[in-house]
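**Student:** sequence and predicted model, in that order:
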Amino acid sequence: MKFATKAVHAGVQPDPSTGAIMTPIYQTSTYVQESPGKHKGYEYARTQNPTRDALQASLAALENGKHGLCFASGLAAIDTVIKTLNPGDEVIATNDLYGGTYRLFVRVFEKYGIRFKFIPMNDAEAIAAHFTLQTKLLWIETPTNPLLNVIDIQRVCQIAHAHGAKVAVDNTFASPYLQNPLDLGADLVMHSVTKYIAGHSDVVMGALITNDDEWAAQFKFLQNAAGGVPAPMDCFLVLRGIKTLHLRMKAHCENGQVVANFLANHPKVGQVWWPGLPSHPNHAVAASQMRGFGGMMSFTLKNDSVENAIRVMENLELFSLAESLGGVESLCGHPATMTHASIPKEEREKAGLRDSLIRLSVGIEDAQDLCEDLDRALALV
C-alpha cells in the first residue's frame, strides 16, 4: 500500500455501530464489564482507549512498524525509552539535538546513574570509537534540530548493532512521509507528533514505533504504569491531520526549496542550513535516505550579530515568532533563547549553534509571499 493510501486508511475503520467514517472520540474514563474480568477488551482509559488504538495502528503503518504507542508529549515518549535502561548504562546521542531532549537526559536521568555522551555524527565512521561495554543506546536526530545535520542512519545502525547497542531515531523533522528509519535498520522511531504529523498547531503528543516485540512490551507497560497518555480528543485531531500528511509535506518541501534558494542567494544572508542545498555537507546522504528535504531550515546573516537576527525576527509578518514547528503556518524561532535555551551556551557553541542563528519552519502559504516577507525584514539590517 502506498503512503497516501495508508495516510487516509491505515488503522481506521468505519464505526461498526453507526457507520461513521471517522473514528469516534471515546471520551470515557472507564468501561462497563459484564462480570469481573469479562469485558470487551477495554478496562480503564489510561490503559486502553479505542481512539488511541486507531491512531497507534495508523502511526505504526506509516513507519512500516509492528507496534505504535502514543504519549502525552514527545518528551513523555523519550522519557519512556530511557526508563527501559538501568543505572550504569550509557547513551550516545548526537551533539546537535532538541534542547528538551538534552534537558531530560542531563537534568533528569543522569542523577539516576545513566550516562550520556554527546558527539557529532556527521561522519558515521567516527562514532565507533565512542562505544563502550556500557553503551546500550544510540540516540540520533536526522535532520537535527536546529542545524539540519544529516546522519547516515543505515551506517550508524550497522556500527551500533556491531557493538550490541540499539538505535533510536527522532524522525520529527522528516516525518514518516520523507523518511522511514526502521527500513534503514533502526530499532525505534520517535516522533513529536505535535509537529508535522498533527500538522495544525493544536495538539501536543509523542509516539514510539518499533518492530521489537520485547521493547514494545516494556513501552506498553510504562505507558500504563507511568500514565503519560494522550487524551482521546487529541488522538482524534491527529487522526484527522494524518489524512492530509502527504499533501502537506509536499507543500512544505516545495516551499522549503523556494525559501532555501532565496536565502542562499540573498546578499544579506551568511549561511543557510537545509539538506536540499548541494552545499550541505551531507546532501548526498540526505538524498539517499529521504524522499524530500522538508520545510525546516536555519540561517545566519552576513552581518552576523544577535541584535541583527532579533531585528529580522521581530519584523517578520507571515513568519510568526513562536516555539514549535511543522504546522501549516510558517514560524521563525531563535534557538538560543527558545527551543535550546536549556543547553548551556558553551555546549551550544561547541555543537556550532550560534546565538545569532534563526530557525524557520516553512509552512504551506504561497512561497512568493514568504520570500517577500523575509526580504522586507532583511532590508532592515
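**Tutor:** Noted; the coordinates are in hand. Numbering: from 1, shown residues only.

**Student:** strands of the stretch 151-300 of the chain, start to end?
**Tutor:** Assigned by DSSP state E, counting those that start in this stretch, the stretch 151-300 of the chain shows strands spanning 166-170, 188-192, 206-210, 269-273, 296-301.

**Student:** the ones you listed: which one's closest to Pro230?
**Tutor:** strand 206-210 (8.2 Å; C-beta to C-beta). Heads up, the C-betas are built off the backbone N, CA and C, glycines and all.

**Student:** which outside residues touch that closest one?
**Tutor:** For strand 206-210, the surrounding residues in contact (C-beta atoms under 8 Å, 6 or more residues apart in numbering) are 56, 59-60, 63, 65-78, 80-81, 182, 187-194, 197, 216, 219.

**Student:** in its sheet, what does that strand sit against?
**Tutor:** strand 67-71 (antiparallel), strand 188-192 (antiparallel) (DSSP bridges).

**Student:** let me see the mean pLDDT of the last one.
**Tutor:** Yep, that's strand 188-192 we're talking about. Averaged over strand 188-192, pLDDT sits at 98.

**Student:** just to revisit the earlier point, put the buried members of the contacts of strand 206-210 into a ChimeraX selection.
**Tutor:** Buried subset of those, written as a ChimeraX selection, criterion 16 or more other C-beta atoms under 10 Å:
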select :56,59,60,63,65,67,68,69,70,71,72,73,74,75,76,77,78,80,81,182,187,188,189,190,191,192,193,194,197,216,219
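
**Student:** thinking again about what came up before, got JSON lines for the strands paired with strand 206-210, with distance to Met296 too?
**Tutor:** Output for those, formatted as JSON lines (distance: least, C-beta to C-beta, whole Å):
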{"stretch": "strand 67-71", "distance to Met296": "22"}
{"stretch": "strand 188-192", "distance to Met296": "12"}
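
**Student:** so which of these gets nearest Met313?
**Tutor:** Closest to Met313 of the strands paired with strand 206-210, according to C-beta to C-beta: strand 188-192, at 22.2 Å.

**Student:** the closest one to strand 166-170, inter-axis angle?
**Tutor:** Per axes from the mean of the first three to the mean of the last three C-alpha atoms, to 10 degrees, the angle that strand 188-192 makes with strand 166-170 is 20 degrees.

**Student:** distance from strand 188-192 to the middle of the chain?
**Tutor:** 6 Å (C-alpha atoms, centre = their mean, to the nearest Å).

**Student:** again with stretch 63-70
**Tutor:** 15 Å.

**Student:** check stretch 374-381 too.
**Tutor:** 30 Å.

**Student:** what of stretch 17-33?
**Tutor:** 29 Å.

**Student:** list the buried ones in it?
**Tutor:** Residues of stretch 17-33 classed as buried by neighbour count (16+ other C-beta under 10 Å): 23, 25-26, 31.

**Student:** on that earlier part again, using TSV, lay out the strands of the stretch 151-300 of the chain together with distance to Ala322.
**Tutor:** Below are the strands of the stretch 151-300 of the chain laid out as TSV (distance: least, C-beta to C-beta, whole Å):
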stretch	distance to Ala322
strand 166-170	21
strand 188-192	15
strand 206-210	19
strand 269-273	20
strand 296-301	14
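
**Student:** which among those is found nearest to Asn149?
**Tutor:** Across these, closest to Asn149 is strand 269-273 (C-beta to C-beta), at 8.0 Å.

**Student:** report the angle between that closest one and strand 296-301.
**Tutor:** 160 degrees.

**Student:** direction included, what does strand 269-273 pair against?
**Tutor:** Partners of strand 269-273 in the sheet, by DSSP bridges, are strand 296-301 (antiparallel).

**Student:** chain center to whatever helix or strand comes next after the strand it pairs with, what's the gap?
**Tutor:** Downstream of strand 296-301, the next assigned helix or strand under DSSP states H and E is helix 306-314. Between the centre of helix 306-314 and the centre of its chain there are 26 Å (C-alpha atoms, centre = their mean).

**Student:** quick check, nearest of the buried residues of stretch 17-33 to Phe173?
**Tutor:** Of all these, the one with the least separation from Phe173 (C-beta to C-beta) is Thr23, at 27.4 Å.

**Student:** which residue packs closest to that closest one, ignoring adjacent ones?
**Tutor:** Ala54 (4.4 Å; C-beta to C-beta, 6 or more residues apart in numbering).

**Student:** contacting residues for the one you found?
**Tutor:** Taking C-beta under 8 Å, 6+ apart as the test, what Ala54 contacts is 11-13, 23, 235, 239.

**Student:** list only buried entries from the residues you listed.
**Tutor:** For the contacts of Ala54, a burial check counting by 16+ other C-beta under 10 Å picks out 11-12, 23, 235, 239.

**Student:** I figured Ala45 was touching Ser29, is that so?
**Tutor:** Yes. Counting by C-beta atoms under 8 Å, Ala45 does reach Ser29; the two are 5.0 Å apart.

**Student:** helices of the protein, start to end?
**Tutor:** Under the criterion DSSP state H, the chain contains helices at 3-9, 50-62, 74-82, 99-103, 153-162, 175-178, 213-226, 232-242, 245-264, 283-289, 306-314, 345-350, 367-378.

**Student:** in the last one, which residues are buried?
**Tutor:** Residues of helix 367-378 classed as buried: 367, 370-371, 373-374, 377-378 (neighbour count, 16+ other C-beta under 10 Å).

**Student:** just stretch 291-310 next, same as before
**Tutor:** Neighbour-count burial for stretch 291-310 flags 292-301, 308-310 (criterion: 16+ other C-beta under 10 Å).

**Student:** closest one to Val259 out of those, please.
**Tutor:** For the buried residues of stretch 291-310, the nearest to Val259 is Met297 (7.0 Å; C-beta to C-beta).
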